[in-house]
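>>> Structure for the following, please:
(chains A and B)
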Amino acid sequence: MIKAKNLSYSYGKHTILNSMSFDIAAGDFCAIMGQNGCGKTTLLKCIANILPTPANSIYINGKDSKSYSVRKLAQQVAFVPQHTPIDFEFSAFETVLMGRNPYQKHLQNESQEDWDIVESCMKKTNTWHLRFASLAEMSGGEMQRVLLARALAQQTPIMLLDEPLSNLDISHQFEIIKLLRDISINENKTILLIIHDLNIAMRYCKSLLLLHNHNIVYRGDITKGLTTQNIKDYFGVDACIETINNQSQIIYN
Amino acid sequence: MKTNKKRTKYLSLIALTLFMFVAVFVSSMVGVTSFSFSDIVTMMAEKLGISESTTASNMQNTIFWNLRLPRIVLCLLVGAALSVCGATYQSIFRNPLTDPYILGISSGASLGAAISILIGMDSQLFGIGAIALATALLTVLLIYKIASIGNRMHTSTLLLTGVCFTFLITAVISFLMVLNQDKMERIIFWTMGSFAAASWTDVLVTAPCVVIGICVVIYYSKDLNLLLVGSETAKSLGVNVERTKKHLLFFTTLMVAFAVSCCGVIGFVGLIVPHCIRLVVGADNRLIIPYSIFVGGIFLLMCDTLSRTVLQPSELPVGSITALVGAPMFIYLLWKSKKQL
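This next block holds a predicted model:
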């Protein structure tokens, strides 16, 4: 589904991504993890083609991402950034409707189909009752669900999410991650998300892309990737892994 | 919900058009030489060849057709252009406090106008406009480069850069005026903003630029909504951000340059009008832009009518009237945005 080949990116002289190569299979639910500043967000933005990458470094569906037009790529890849500005007041419904933009021409109004898709996406994310509210007056969890609905309305096979759980309390973290897992299973979407909570990631995600110092240090099954050794080496924390109620739990020393 | 919204939109646009005609009639009636409603109807009928030339004197005819009417049409054109540009800049720069005047783009254009007078280009039909466009584009480019940090547009830097440019350009223009005292009066006209010298030639030069510019903005009005949510999000939703911004900045600057080159720098229209519309209809640019065309035109026409009638027979600069309304509005907006932080 997604393939990176010797992907490098730098801001000026400062290298952020150092020749990364990896594969993400269709239907994967992949956690991108690593310490702050290791290049996670840059990696997502490169895949979404928001940052300019060299040709032949990212392949979407076997095709170089550079060969897609902006509009065509937006029909393949949805991206939810970590921060969404809310200084201009659009309602939740209008926000989700923006997800239909890749399928509309200039000057073309939304069709009945667009309206139906928006409604079903908002119902899936339990935001339909918020449709008239503006983003500015929402809580973090509500806003995150609205942004998820917008990404769903794009009807893309791939979804990229930059820290969808940040700024949420623990119950809303569980709510969002379960929702994402259900979406990935029920709609067979490929989801990549940046996440910091090791336990939540281990419990819900399928695979792991672990970054350290601008390199990929692990790519594969998440339960095999989050070992005490890796946690010590790449997160700088001593931890042990215990099985409690048939769940592997990471406990920090 | 959907069809209702559409119907309201068309109904209000029709209402605004009617209101515009009322404003045009009222504005053409009042002034140093005042006309009655029947005078105007008779003069129009004569022009259209419906009735024989009768009551109105030649003098009255000239005042109406060659002085008042072009001035009214120009007010509508410039008001529409400045408001649409204001709405566009507010979306592109994601900042409710921007308009062509505050960003310094109008001043940039006025510098070009001053230069073209000094080198004698003002006798050419598009002479002033062309040089005003060049300097205005240069201003936009510089402001854009200075205020963008990485991928982001820094709000306070943007406003400060605009203010600094306005000061700098005003200083350069004063310098140019002192060096060329014989042309001083004509240049002062550009820095104050006035429709007193409006002619059909001005209308002829400005109209095509404004019409083309507004069409381009309407074409991109949906993309403007997405730009409001941030350029990264806009790109991931299928907007070709760089191209869209480039086209919009060019055509709005074109409108500003030609508006400034025929009537000088008029502040705050582009700030107040889109903002008031936004308070009523919400953030959707597909509504804000069409409403801006009418409301902006009517607003500037009313301001200009006031400027030439309150202290009759002397005239106030129209910019002083718009500033009288606009500056308190700007301070109020600043106050409100401070509270949000």
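
>>> neighbours around B:Thr233, how many?
Close neighbours of B:Thr233, defined as other C-beta atoms under 10 Å in any protein chain shown, add up to 24. Yep, even glycine has a C-beta here, placed from its N, CA and C like the rest.

>>> what pLDDT does it get?
At B:Thr233, the predicted lDDT confidence score is 91.

>>> Contact partners for it?
Going by C-beta atoms under 8 Å, 6 or more residues apart in numbering or on different chains, B:Thr233 touches A:Phe79, A:Pro81, A:Thr84, B:Leu226.

>>> Is the first one bridged to anything, and to what?
Pointing back at A:Phe79 there. A:Leu160 (DSSP bridges).

>>> Next step: the contacts of B:Thr233 restricted to helices.
Members of the contacts of B:Thr233 lying in helices (criterion: DSSP state H): B:Leu226.

>>> can you pick the most crowded of the contacts of B:Thr233?
A:Phe79 (26 neighbours).

>>> Please look at that residue and A:Asn49 and confirm they touch.
No. Contact criterion C-beta atoms under 8 Å: A:Phe79 and A:Asn49 do not qualify, at 9.2 Å.

>>> hang on, the earlier thing: for the contacts of B:Thr233, which one is nearest B:Val280?
B:Leu226 (21.9 Å; C-beta to C-beta).

>>> Chain A: helices as residue ranges?
Going by DSSP H, chain A shows helices at A:40-47, A:70-74, A:92-97, A:112-124, A:140-153, A:170-186, A:198-204, A:222-225, A:228-230.

>>> Specify the stretch among these that is closest to A:Ala25.
Checking those against A:Ala25 by C-beta to C-beta gives helix A:170-186 as the closest, at 11.8 Å.

>>> host element of the closest residue in space to B:Leu226 that isn't next to it in sequence?
Nearest non-adjacent residue to B:Leu226, counting by C-beta to C-beta, 6 or more residues apart in numbering or on different chains: B:Ala234, 4.0 Å away. Here B:Ala234 is covered by helix B:231-236, with elements defined by DSSP states H and E.

>>> need the next SSE after that helix, C-terminal direction.
Counting by DSSP H and E, what follows helix B:231-236 is helix B:241-263.

>>> Let me see the mean pLDDT of that next one.
So the average pLDDT for helix B:241-263 ends up being 93.

>>> Please point out which parts of it sit buried.
B:241, B:244-245, B:247-249, B:251-263 (16 or more other C-beta atoms under 10 Å in any protein chain shown).

>>> Output those of those residues also counted as contacts of chain A.
Filtering these for neighbours of chain A using C-beta under 8 Å from any C-beta of the partner chain leaves B:Val241.

>>> Tell me who's in contact with residue 238.
Looking at chain A here, since you left the chain open. By C-beta under 8 Å, 6+ apart, the contact set of A:Asp238 is A:Thr228, A:Ile231, A:Lys232, A:Tyr252, A:Asn253.

>>> let's do chain B instead
Going by C-beta under 8 Å, 6+ apart, B:Gly238 touches A:Val70, A:Arg71, A:Leu73, A:Ala74, A:Gln75, A:Asn101, A:Pro102.

>>> Over to A:Val80?
Listed by C-beta under 8 Å, 6+ apart, the contact set of A:Val80 reads A:Leu147, A:Leu148, A:Arg150, A:Ala151, A:Met159, A:Leu160, A:Leu161, A:Asp162, A:Pro164.

>>> what do you get for B:Ser199?
Contacts of B:Ser199 by C-beta under 8 Å, 6+ apart are B:Asn66, B:Pro70.

>>> Could you list the low-pLDDT ranges of chain A?
By pLDDT under 70, the low-scoring segments of chain A are A:87-88.

>>> which bits of it sit near chain B?
Counting by C-beta under 8 Å from any C-beta, chain A sits next to chain B at A:45, A:48-50, A:69-71, A:73-75, A:77-79, A:81, A:84-85, A:87-91, A:94-95, A:98-99, A:101-102, A:104, A:106-107, A:109-110, A:115, A:154.

>>> mind checking how far B:Leu226 is from B:His154?
Relative to B:His154, B:Leu226 is positioned 21 Å away (C-beta to C-beta, to the nearest Å).

>>> Quick check: closest non-adjacent residue to the residue positioned nearest the centre of chain A.
In chain A, the residue lying closest to the centroid (C-alpha atoms, centre = their mean) is A:Leu161, at 1.9 Å. Nearest non-adjacent residue to A:Leu161, counting by C-beta to C-beta, 6+ apart: A:Leu193, 4.2 Å away.

>>> Now for that neighbour, how many residues are close by?
By the criterion of other C-beta under 10 Å, A:Leu193 has 26 neighbours.

>>> swap in B:Gly270?
B:Gly270 - counted by other C-beta under 10 Å - has 35 other residues nearby.

>>> That one: helix or strand, and which one exactly?
Counting by DSSP H and E, B:Gly270 is part of helix B:269-281.

>>> immediately after that helix, which helix or strand?
Toward the C-terminal end, the helix or strand that comes next after helix B:269-281 (DSSP H and E) is helix B:285-309.

>>> Specify the angle between that next one and helix B:241-263 in degrees.
Interaxial angle, helix B:285-309 versus helix B:241-263 (axes from the mean of the first three to the mean of the last three C-alpha atoms, to 10 degrees): 10 degrees.

>>> Now the following helix or strand past helix B:285-309: buried residues?
Counting by DSSP H and E, the next helix or strand C-terminal to helix B:285-309 is helix B:318-340. Buried residues in helix B:318-340, counted by 16+ other C-beta under 10 Å: B:Val318, B:Gly319, B:Ile321, B:Thr322, B:Ala323, B:Gly326, B:Phe330.
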